[in-house]
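# no sequence on this one, just coordinates:
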């Protein structure tokens, strides 16, 4: 990238990715255009002569829009741009970005690779067209990982397949249960047939992780807080991917510029960990009872 270049970034990107574009790339003279994550092959309409890079994340952070990565990559390459993708949600076990046209696949090792919420680690996988540039950038930047973090990452890789299968199955079981609850408006989980991006997930992915979101029917915010405060097995945390279950309220509105966030009700993101599913459901039952009590109060 050079001063005067432009990057095209999905509007549903992880918050720190957006912060990097607006606080670092801007100072370097690189401009960002945000796009609707559902744009698909029409992304070419956003290209300018100085567009050099497209950034994708599928599903979208918090909101779980599924992107047609192959269609986006095809147009980007035809226009001479490279494609980066954050693939942390599915991991390479359930989605293989380079086989769908991505040039550089990014993975937060703090999540499922580590698996115990105790490591600071990240990985980038490159194809033949970009690997030399990636190696040079790492060398010039002096990037390196500490030996303890590398050890913990290697430890996590030994159990990644087993853990991710459990996260996938448990997450889907809890999501299906939540989808039947009268308090819930809809679930944002690509592996559910009700999800608008389910067809893309079924076509391109071989599994899902334990991360998804819930849209509640309209209730006062105090009721949402009562729901969360009552949960005992779900912690409050943003860095998911460990063995424990998490729940956190969120609002995408401040981070959207190319799309409007209108979910229809309060939203909560869950990470389903390795606990017993029936125990998690019982915990959620208690949360919904507290929510109902707060609505009546």
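Yep, it's here. Every value quoted in this text rests on a predicted model; they were computed, and no experiment measured them.
# Tell me how many other residues crowd the closest residue in space to residue 211 that isn't next to it in sequence.
Distances taken as CB to CB, 6 or more residues apart in numbering put residue 271 closest to residue 211, at 5.1 Å, once the chain neighbours are dropped. Every residue, glycine included, has its C-beta placed from N, CA and C. Residue 271 has 24 neighbours, counted by other CB atoms under 10 Å.
# residue contacts, residue 271?
210-211, 237, 240-241, 245-247 (CB atoms under 8 Å, 6 or more residues apart in numbering).
# Just the buried residues of those residues.
210-211, 240-241, 245-247 (16 or more other CB atoms under 10 Å).
# thinking again about what came up before, of all the contacts of residue 271, which two lie farthest apart?
For these, the maximum inter-member distance is 14.5 Å, found between 241 and 247 (CB to CB).
# And the strands in the stretch 101-250 of the chain, which stretches?
With strands called from DSSP state E, counting those that start in this stretch, the stretch 101-250 of the chain shows them at 104-108, 122-126, 184-188, 211-216, 234-235, 245-250.
# among those strands, which is the most enclosed?
Mean neighbours per residue, mean count of other CB atoms under 10 Å, is largest over those for strand 211-216, with a mean of 23.
# what is the orientation angle of that one with strand 245-250?
Interaxial angle of strand 211-216 relative to strand 245-250 (axes from the mean of the first three to the mean of the last three CA atoms, to 10 degrees): 50 degrees.
# strands paired with strand 211-216, and their directions?
strand 184-188 (antiparallel), strand 267-271 (antiparallel) (DSSP bridges).
# Please produce TSV containing those, extended by mean pLDDT and distance to residue 61.
Shown next, in TSV, are those (pLDDT from 0 to 100; distance: least, CB to CB, whole Å):
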stretch	mean pLDDT	distance to residue 61
strand 184-188	98	11
strand 267-271	98	9
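# ok, and the closest non-adjacent residue to the residue nearest the centre of the chain?
Geometric centre of the chain, nearest residue: residue 61, 3.7 Å, by CA atoms, centre = their mean. Among residues not flanking residue 61 along the chain, residue 14 sits closest, at 4.2 Å (CB to CB, 6+ apart).
# Surely the one you found and residue 59 touch.
No - assessed by CB atoms under 8 Å, residue 14 is found out of contact with residue 59, at 11.3 Å.
# Show me which of those two is the more surrounded one.
Neighbours were counted for residue 14 and for residue 59 using other CB under 10 Å; residue 59 has more, 29 against 19.
# wouldn't that one be in contact with residue 191 here?
No - if you go by CB under 8 Å, residue 59 and residue 191 don't touch, sitting 9.9 Å apart.
# just to revisit the earlier point, nearest to residue 122, out of the strands paired with strand 211-216?
Nearest of these (CB to CB): strand 267-271, 18.6 Å.
# Which strands and helices lie in contact with the following helix or strand past that closest one?
Beyond strand 267-271 in the direction of the C-terminus, DSSP states H and E gives the next helix or strand as helix 277-296. Applying 3 or more CB pairs under 8 Å, 6 or more residues apart in numbering; DSSP states H and E, one finds that helix 277-296 contacts helix 147-179, helix 221-230, strand 234-235.
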